[in-house]
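# Need coordinates for the following:
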Amino acid sequence: MSEHRASGAPGQVKEITSLANPLIKDIKSLALKKYRDQQHAFMAEGLKLIIDAFELGWSIRTLVYAKAARGNAAIEKIAARTVASGGTVLEVSEKILTAITRRDNPQAVVGVFAQRLTALGDVRPGNDDVWVALDRVRDPGNLGTVIRTVDAVGAKGVILVGETTDPFSLETVRATMGSIFAVPVAKASPEAFLAWRKGFPGLVAGTHLKGAVDYRSVDYSGRPVLLLMGNEQQGLPEDLAACCDRLLKIPQAGRADSLNLAVATGVMLYEVRRGALAIGDGEADA
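Modelled structure (predicted):
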């Protein structure tokens, strides 16, 4: 099959063999935040993630799959859904997939999706809802792991405070293992977050080196909880620490004086949600 010149028209299936094709160039550029912001789009890799995104109502712009996967029933089904929804389907070589994903062994399927952020004003916690706020999180692996953990424990979402790593970067999306499609993410300046916090109807708890209260000694039940976690290197700044109802500590038994941000957030989340989790047999997926 000869290469079809990419016109950008939706609802089409094209075979593309050249890295110089303009559609491929646009998708490759999504590796950089500047172009993700310009296109208001991002990439996700893997058939399961793309199926999950469809099921959760996300809008797919372009589906890219390896020519070697032609005839795969699951991929053909998702390709048909993409075309039906007005998206474009591209069949490409593994060389092109490698270039797009910057991986030597790329997944057979890549999806390009419209970004979706929740407005902070639309975050209205109630009952026993749990939200996590992350101050200036820098590491995409940490952010992705926190989003995945929020999903795992049944918490409601993540609020990014200040200048943070991009939740739609390749590395962050990979680390979420698909939870980027299930967990609402909001972004706010420190000033906007502090103004919003004034109306928070429950407990605001932050981890801090000056925390005097053992995180296991607090009753988190019966009210919304906002868990506020500080930057990887600097922890919570004074203004955010001051807005907490409780400053908590996670006791350290060894020589380490702190935990990785994602690990600490996971420890806290499982304690906060302990009463609501139905893991009575003590088993959970790793």
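# Just to check, I27 is in contact with T62?
Yes. Using C-beta atoms under 8 Å, I27 makes contact with T62 at a distance of 6.6 Å. The way it works is simple: take the backbone N, C-alpha and C, and place the C-beta from them, glycine included.
# Give the residues shared as contacts by the two.
Common neighbours of I27 and T62, counting by C-beta atoms under 8 Å, 6 or more residues apart in numbering, are V112.
# Settle it for me: which of those two has more neighbours?
Between I27 and T62, counting by other C-beta atoms under 10 Å, I27 is the more crowded of the two (25 against 22).
# Quick check: chain neighbours aside, which residue is closest to that one?
Distances taken as C-beta to C-beta, 6 or more residues apart in numbering place I100 nearest to I27, at 5.4 Å, with adjacent residues excluded.
# That neighbour belongs to a helix, doesn't it?
Yes. Checked against DSSP: H, G, I helix; E, B strand; the rest coil, I100 lies within a helix.
# so where's the stretch 1-150 of the chain uncertain?
Applying pLDDT under 70 to the stretch 1-150 of the chain flags the ranges 1-12.
# Which parts of it are strands?
Using DSSP state E, counting those that start in this stretch, the strands of the stretch 1-150 of the chain run over 13-16, 41-45, 60-66, 88-92, 109-114, 130-135.
# Quick one, which of these gets closest to T176.
strand 41-45 (8.9 Å; C-beta to C-beta).
# ok, how many other residues are close to the residue nearest to I27?
Count around I100 with other C-beta under 10 Å applied: 24.
# do the same with the one 5 residues further on
Counted with other C-beta under 10 Å, the burial measure for N105 works out to 8 neighbours.
# just the one 3 residues further on next, same as before
With neighbours defined by other C-beta under 10 Å, the count for A108 comes to 17.
# For it, what are phi and psi?
phi -80, psi -10 (degrees, to the nearest 10).
# Any idea what the closest residue in space to V123 that isn't next to it in sequence is bridged to?
Spatially, and ignoring its direct neighbours in sequence, V123 is nearest to A186 (5.7 Å; C-beta to C-beta, 6+ apart). Residues in a beta bridge with A186, per DSSP bridges, are T118, I159.
# what's A186 in contact with, if anything?
Residues in contact with A186 (C-beta under 8 Å, 6+ apart) are 117-120, 122-123, 157-160.
# Find the pair from those with maximum spatial separation.
D122 and L160 (14.8 Å).
# Give me the more crowded residue out of the two.
Between D122 and L160, counted using other C-beta under 10 Å, the more crowded position is L160 (23 against 8).
# Surely the more buried one is in contact with V185?
Yes. Under the criterion of C-beta under 8 Å, L160 makes contact with V185 at 6.7 Å.
# what residues do these two have in common as contacts?
With C-beta under 8 Å, 6+ apart as the test, L160 and V185 both reach P167.
# Give the full set of residues in contact with the most centrally placed residue in the chain.
Taking C-alpha atoms, centre = their mean, the centroid of the chain lies closest to I180, which sits 3.4 Å from it. I180 sits next to 44, 144, 147, 167-168, 172-173 when contact means C-beta under 8 Å, 6+ apart.
# quick one on the thing from earlier: V83: which of the contacts of A186 is nearest?
Sorting these by distance to V83 puts L117 at the head of the list, at 27.1 Å, by C-beta to C-beta.
# Run a quick neighbour tally on the closest one.
L117: 13 surrounding residues under other C-beta under 10 Å.
# got it, and E271?
E271 has 17 neighbours, counted by other C-beta under 10 Å.
# where does it land in three-state SS?
Following three-state DSSP, we place E271 in the helix state.
# residues in contact with it?
215-216, 220.
# Repeat that for A79.
Residues near A79 by C-beta under 8 Å, 6+ apart: 13, 63, 65, 89.
# Buried by neighbour count, from those: which ones?
The neighbour count (16 or more other C-beta atoms under 10 Å) marks 63, 65, 89 as buried among the contacts of A79.
# Which one of the residues you listed is nearest to D239?
Among the buried ones among the contacts of A79, L63 lies closest to D239 (C-beta to C-beta), at 44.5 Å.
# ok, the residue lying closest to that closest one once chain neighbours are set aside - contacts?
Nearest residue to L63 in three dimensions, chain neighbours excluded: T82, at 4.3 Å (C-beta to C-beta, 6+ apart). By C-beta under 8 Å, 6+ apart, the contact set of T82 is 60, 62-63, 88-89.
# Save the residues you listed as JSON lines, and put in distance to V153 too.
Below are those laid out as JSON lines (distance: C-beta to C-beta, whole Å):
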{"residue": "I60", "distance to V153": "28"}
{"residue": "T62", "distance to V153": "33"}
{"residue": "L63", "distance to V153": "31"}
{"residue": "T88", "distance to V153": "37"}
{"residue": "V89", "distance to V153": "36"}
